[in-house]
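> Show me the folded form of this:
(chains A and B)
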There are 2 protein chains.
Amino acid sequence: MFDSMWTVKVVSLGVVALSLSLELLFWLFSRRRSERITNKVLFFPSEVACVEHIFSPTLPHSHVCSLPHGVDTSFSRLLRYILSACSSLDLCLFSFSNMDLSRAVLLLHSRGVTIRVLTDKVYSAISGSQIGVLRKAGICVRCDVSAVHMHHKFAVVDGRTLITGSLNWTLTAVQSNMENIIITEEPDLVQPFVKEFCRLWGLNDSAQYLSSLTD
Amino acid sequence: MFDSMWTVKVVSLGVVALSLSLELLFWLFSRRRSERITNKVLFFPSEVACVEHIFSPTLPHSHVCSLPHGVDTSFSRLLRYILSACSSLDLCLFSFSNMDLSRAVLLLHSRGVTIRVLTDKVYSAISGSQIGVLRKAGICVRCDVSAVHMHHKFAVVDGRTLITGSLNWTLTAVQSNMENIIITEEPDLVQPFVKEFCRLWGLNDSAQYLSSLTD
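Numbering: from 1, shown residues only, chains lettered A, B, ... in the order given. This is a model prediction of the structure:
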């Protein structure tokens, strides 16, 4: 009788402990997942501030620049998200003339990050476009070969962070217009963009395009 | 002795039952939450197809329309998300000339949905803009009073669903360009847009603006 009571006690307590452990693990897992997934929104125009410290964090720049320093702006946050790329950066941009964003892309390229740029044919040729600069630096650029506009304005960082919105990568968009950008790691949102980038990248392979014309 | 064994048994089973119930409730709640949150992406150009059945589901339209019928396209999905509004629709649009989207907004207005339209001053005056049509129907429209472009292209449905992306509400954007739209109920993404809409709506109150000029 005494033994059976102890058996019941031990089994019951074991079940309670197991159940509570599972609950705790599940809660921790859910919490970690929601903490891990970034969902941010940036609005523009951005305050104008010095961004030198983002490119060269160790150097003092305040004496050579008259802009406000140490200010966290929408643009400085955008630059940081772009510069967080470790392995790859896929850009699908209608217009790209912003020199700070171009500098960020060139810096990533010099660090060995694999960069692919897909852009609109017409806008890549306008005055101030940074597409030629990126090409000269050896970055892989493709212009869309269709008669319509490639009007996207998105970037995928390391295949897992999507940066998308209304903002073209121009100075006017950053400093003047009312614009928005979403930064998200939500797989349901990121994966369709990753897939679409690959589809468009393949479609706009000029070698394939030229070969199809001569077939 | 027999009584105390039964007490231990009952208490232990009670704790197990409570613990398992909590775990089940937590799991069901998490599951419902993730099922409830919509995260969709639509890419354009959209296939051209008849959308009459979306406006009048009960009427047969195939005999009066030469376009393909019953095709689920990016545009038909966008229309459905817009038409799902029950209480409110806030639009913040750079350019609005698409007649089907205008028809959807007018239909919602006739159903008693509260509609607010914030748009770019310059683009609201171009040929084909639907802004005048919406105003004439009694829909509350405000044009931005600043010297820069209101370049947003977002809608908030019932204060909880965000529709945003690169797509201007024009026929070219829908049928020709390469564009994207995100539809999300993720509060971290929706709430900043709700707040920004309210801020811009207040900023562009022409009555307030005129009063500030005469102060």
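
> quick one: buried residues of the top helix by length along chain A?
For chain A, the longest helix by residue count, based on DSSP state H, is helix A:2-36. Across helix A:2-36, burial judged by 16 or more other CB atoms under 10 Å in any protein chain shown covers A:5, A:8, A:12, A:15-16, A:19-20, A:23, A:30. For every residue, glycine as well, the C-beta is placed using N, CA and C.

> What's the first helix or strand after it?
Moving toward the C-terminus from helix A:2-36, the next helix or strand (DSSP states H and E) is strand A:39-44.

> Name the nearest residue to whatever residue of chain A ends up closest to chain B, sequence neighbours excluded.
Nearest to chain B, among the residues of chain A, is A:S12, at 3.1 Å (CB to the nearest CB). Nearest non-adjacent residue to A:S12, counting by CB to CB, 6 or more residues apart in numbering or on different chains: B:S12, 3.1 Å away.

> Before we move on, what's the pLDDT of that neighbour?
pLDDT recorded at B:S12 is 74.

> check contacts around it.
In this structure, B:S12 makes contact with A:8-9, A:12-13, A:15-16, judged by CB atoms under 8 Å, 6 or more residues apart in numbering or on different chains.

> what's the answer for A:V156, then?
By CB under 8 Å, 6+ apart, A:V156 lies in contact with A:88-90, A:162-163, A:190, A:193-194, A:197.

> Count the residues that sit near A:H149.
A:H149 has 20 neighbours, counted by other CB atoms under 10 Å in any protein chain shown.

> Kindly report the same for A:N177.
21.

> Likewise for the one 4 residues further on?
A:I181 has 24 neighbours, counted by other CB under 10 Å.

> is it true that it lies in a strand?
Yes. Assigned with DSSP: H, G, I helix; E, B strand; the rest coil, A:I181 falls within a strand.

> In this structure A:F197 contacts A:V117, no?
No. A:F197 sits out of contact with A:V117 when judged by CB atoms under 8 Å, with a separation of 10.7 Å.

> more crowded one of the two?
For A:F197 and A:V117, the more surrounded residue by other CB under 10 Å is A:V117, and the numbers stand at 23 against 20.

> And what about the more buried one, helix, strand or coil?
Going by three-state DSSP: A:V117 is strand.

> How about A:D72?
Secondary structure for A:D72, judged by three-state DSSP, is coil.

> Give me the neighbour count for it.
Neighbours around A:D72, by other CB under 10 Å: 10.

> orientation of the longest helix of chain A relative to helix B:2-36 in degrees?
Interaxial angle of helix A:2-36 relative to helix B:2-36 (axes from the mean of the first three to the mean of the last three CA atoms, to 10 degrees): 20 degrees.

> how about the helices in chain A?
Ranges of helices in chain A, per DSSP H, are A:2-36, A:52-55, A:74-83, A:99-110, A:121-124, A:131-136, A:171-175, A:187-203, A:206-214.

> nearest to B:S84, of those?
helix A:187-203 (18.5 Å; CB to CB).

> Pull out the buried residues from the closest one.
A:188-190, A:192-193, A:196-197, A:200-201.

> For chain A, give me the ranges with low pLDDT.
Counting by pLDDT under 70, chain A contains low-confidence ranges at A:1-2, A:30-36, A:60-63, A:207-215.

> make it 50
Chain A contains no residues with pLDDT under 50.

> Enumerate every residue touching the closest residue to A:L167 other than its chain neighbours.
Leaving aside its chain neighbours, A:L167 sits nearest to A:E179 (4.2 Å; criterion: CB to CB, 6+ apart). When the contact criterion is CB under 8 Å, 6+ apart, the partners of A:E179 are A:43-45, A:165-167, A:173, B:151-152.

> For A:E179, name its beta-bridge partners.
Per DSSP bridges, the residues bridged to A:E179 are A:F44.

> Check the gap between it and A:E185 for me.
Separation of A:E179 from A:E185 (CB to CB, to the nearest Å): 21 Å.

> Then A:G132?
A:G132 sits 32 Å away from A:E185, going by CB to CB.

> Tell me which of these two has more neighbours.
A:E185 (16 against 11).

> A:G159 is in contact with that one, correct?
No. A:E185 lies out of contact with A:G159 (CB under 8 Å); the separation is 10.6 Å.

> Common neighbours of those two, please.
By CB under 8 Å, 6+ apart, no residue touches both A:E185 and A:G159.

> if I pick A:L20, what's in contact with it?
B:S19.

> what do you get for A:L59?
Counted by CB under 8 Å, 6+ apart, A:L59 has contacts A:52-53.

> A:V41 is in contact with A:L78, correct?
No. Here A:L78 does not reach A:V41: they are 11.4 Å apart, not a contact under CB under 8 Å.

> These two - which one has more neighbours?
A:L78 (26 against 21).
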